[in-house]
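[1] Structure for the following, please:
(2 chains)
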Amino acid sequence: MWQELRTELHPQGLEVVTVALDVDAEAARPSIEAAQPEHPSLIDQAHVVDELFGFVNVPNGVWIDEDGMIVRPAEAAHPGVNPFTESFRKVDVSTLPPDVAEVLIEARKIRTDPEAYPAMLRDWVAHGAASRFVHDPEEVVRRSRPRGTAESTAAAEFELGQHLHREGDHQAAIPHWREAHRLDPDNWTYKRNAWNFEDPGRQGRTDAYDGCWFDDVKKIGAENYYPPLVP
Amino acid sequence: MLLDRLEVDPATFTARTGWDIKPEGACKGEVCVPLPAAARTADGSLDVPVVAARLGMPVVGDEAHHVWALGPETAVTGRALTTAVAPDLTLPDVDGRPFELSSLRGQKVVLVAWASW
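    Next comes the predicted model:
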């Protein structure tokens, strides 16, 4: 989907950079090879973009202008309608086991307004600094996510955990990732990558973690999973 | 930032955190934070706990594995962004080849995170 947008907008001066937040880099390979991207397609095993930009979920995006200034800080960045997620909305939940159905019912409350972000990008490409979606440096900083000691410590704990996992000691990673989740419960990348090791795909309840996708999302309400875009 | 000891050479610190160590202190974008003399060790390395305290960076240790991690700064703005100047970012592609974000200067860039999970 990003490749399609890139094909449309690259001739007008936009480059797309995709960054896979995957502690296990090879997990990103199948999707990358299927997409055959013409744009930089990078791997961020330590989720450093969370520290650098304030990303907390996927997809999240930032805009950087020609002079290297961030002109829109981190926010939900859906590149249009996703056929895969759309297919969920069509499934008859009465055909599913109850524990699967309850997750799907909650997931359907997720709101993304999938055409809004591409529309903003097209406006930026057309109007540049005059686009109403571009902001000055003080506003960009102001709009970025609050980060105190808890959130920063969570980043350090996540980084420690992924280091230990990559060194071959997955069990040693878990206490660090538990701490990351406890300190920054709004950060879904730290949660979902960790949960996915224990319960791939569903990220359901496990002994390793107190939380899981369904329980944590239900706590805030799936309609709040992606904060609405603020133009 | 991962560390195997609580001293680091300034260039490594800059590469990973984006904070440039200058005579006026630690600088990022338009912001400079003065550093005390104790920030430098005798051989010119940075004393991590001293610098971290000034920048509000938590230091987390895993003693059993002899590794520490330094969290991003909380001083100055108290937000994810200390400055709107985009950071220097180098990340590998799936085959391990490094790519520098700064190589795209002169183009508009939308950088977007996704995941296999």
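[2] Would you confirm that residue B:83 contacts residue A:141?
    Yes: contact status for residue B:83 versus residue A:141: in contact at 6.9 Å, counting by C-beta atoms under 8 Å. C-beta coordinates here come from the backbone N, C-alpha and C atoms, glycine included.
[3] now the residue lying closest to residue A:106 once chain neighbours are set aside: how far from chain B?
    Nearest residue to residue A:106, sequence neighbours excluded (C-beta to C-beta, 6 or more residues apart in numbering or on different chains): residue A:222, at 4.8 Å. Remark: distance between residue A:222 and chain B (C-beta to the nearest C-beta, to the nearest Å) = 17 Å.
[4] Spit out the contact partners of residue A:222.
    Counting by C-beta atoms under 8 Å, 6 or more residues apart in numbering or on different chains, residue A:222 makes contact with A:106, A:107, A:108, A:109, A:110.
[5] What subset of these is buried?
    Buried by 16 or more other C-beta atoms under 10 Å in any protein chain shown: A:106, A:107, out of those.
[6] And the helices in chain A?
    A:2-9, A:29-35, A:48-53, A:83-90, A:98-107, A:116-127, A:137-143, A:149-166, A:170-183, A:188-198, A:213-220 (DSSP state H).
[7] Let's have those helices in JSON lines, adding distance to residue B:32.
    Output for those, formatted as JSON lines (distance: least, C-beta to C-beta, whole Å):
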{"stretch": "helix A:2-9", "distance to residue B:32": "37"}
{"stretch": "helix A:29-35", "distance to residue B:32": "40"}
{"stretch": "helix A:48-53", "distance to residue B:32": "19"}
{"stretch": "helix A:83-90", "distance to residue B:32": "45"}
{"stretch": "helix A:98-107", "distance to residue B:32": "46"}
{"stretch": "helix A:116-127", "distance to residue B:32": "31"}
{"stretch": "helix A:137-143", "distance to residue B:32": "16"}
{"stretch": "helix A:149-166", "distance to residue B:32": "20"}
{"stretch": "helix A:170-183", "distance to residue B:32": "29"}
{"stretch": "helix A:188-198", "distance to residue B:32": "31"}
{"stretch": "helix A:213-220", "distance to residue B:32": "38"}
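[8] which of these has the lowest average pLDDT?
    Ranked by mean pLDDT, those bottom out at helix A:83-90, which scores a mean of 79.
[9] Next, the contact list for residue B:52, please.
    Applying C-beta under 8 Å, 6+ apart to residue B:52 gives the contacts B:58, B:59, B:70.
[10] For chain B, what's the nearest residue on chain A?
    residue A:54 (2.8 Å; C-beta to the nearest C-beta).
[11] per-residue pLDDT, the residue nearest to residue A:134 when sequence neighbours are not counted?
    Once flanking residues are discounted, residue A:134 sits nearest to residue A:71: 4.5 Å by C-beta to C-beta, 6+ apart. Looking at residue A:71, its pLDDT stands at 98.
[12] what does residue A:10 give?
    Reading off the model, residue A:10 has pLDDT 98.
[13] In contact with it, which residues are there?
    Contacts of residue A:10 by C-beta under 8 Å, 6+ apart are A:16, A:38, A:39.
[14] what's the answer for residue A:129, then?
    Neighbouring residues of residue A:129 by C-beta under 8 Å, 6+ apart: A:65, A:71.
[15] which residues does the closest residue to chain A within chain B contact?
    For chain B and chain A, the shortest gap (C-beta to the nearest C-beta) falls at residue B:80, measuring 2.8 Å. By C-beta under 8 Å, 6+ apart, the contact set of residue B:80 is A:51, A:53, A:54, A:73, A:74, A:144, A:145, A:146, A:147, B:72.
[16] What values do phi and psi take at the spatially closest residue to residue B:114 that is not a sequence neighbour?
    Residue nearest to residue B:114 in three dimensions, not counting chain neighbours: residue A:58, with 5.0 Å by C-beta to C-beta, 6+ apart. Dihedral pair for residue A:58: phi -130, psi 140, per degrees, to the nearest 10.
[17] For residue A:58, give its distance to residue A:28.
    From residue A:58 across to residue A:28, the span is 11 Å (C-beta to C-beta, to the nearest Å).
[18] Of the contacts of residue B:52, which belong to helices?
    Per DSSP H, these never map to helices.
[19] Return the distance of the strand ranked longest in chain B from the chain's centre.
    Assignment by DSSP state E gives strand B:108-114 as the longest strand of chain B. Relative to the centre of its chain, strand B:108-114 is centred 21 Å away, using C-alpha atoms, centre = their mean, to the nearest Å.
[20] And stretch A:130-137, by the same measure?
    Using C-alpha atoms, centre = their mean, the offset of stretch A:130-137 from its chain centre is 23 Å.
[21] helix, strand or coil for residue B:15?
    Secondary structure assignment for residue B:15 (DSSP: H, G, I helix; E, B strand; the rest coil): helix.
[22] How many neighbouring residues does it have?
    When neighbours are counted by other C-beta atoms under 10 Å in any protein chain shown, residue B:15 registers 12.
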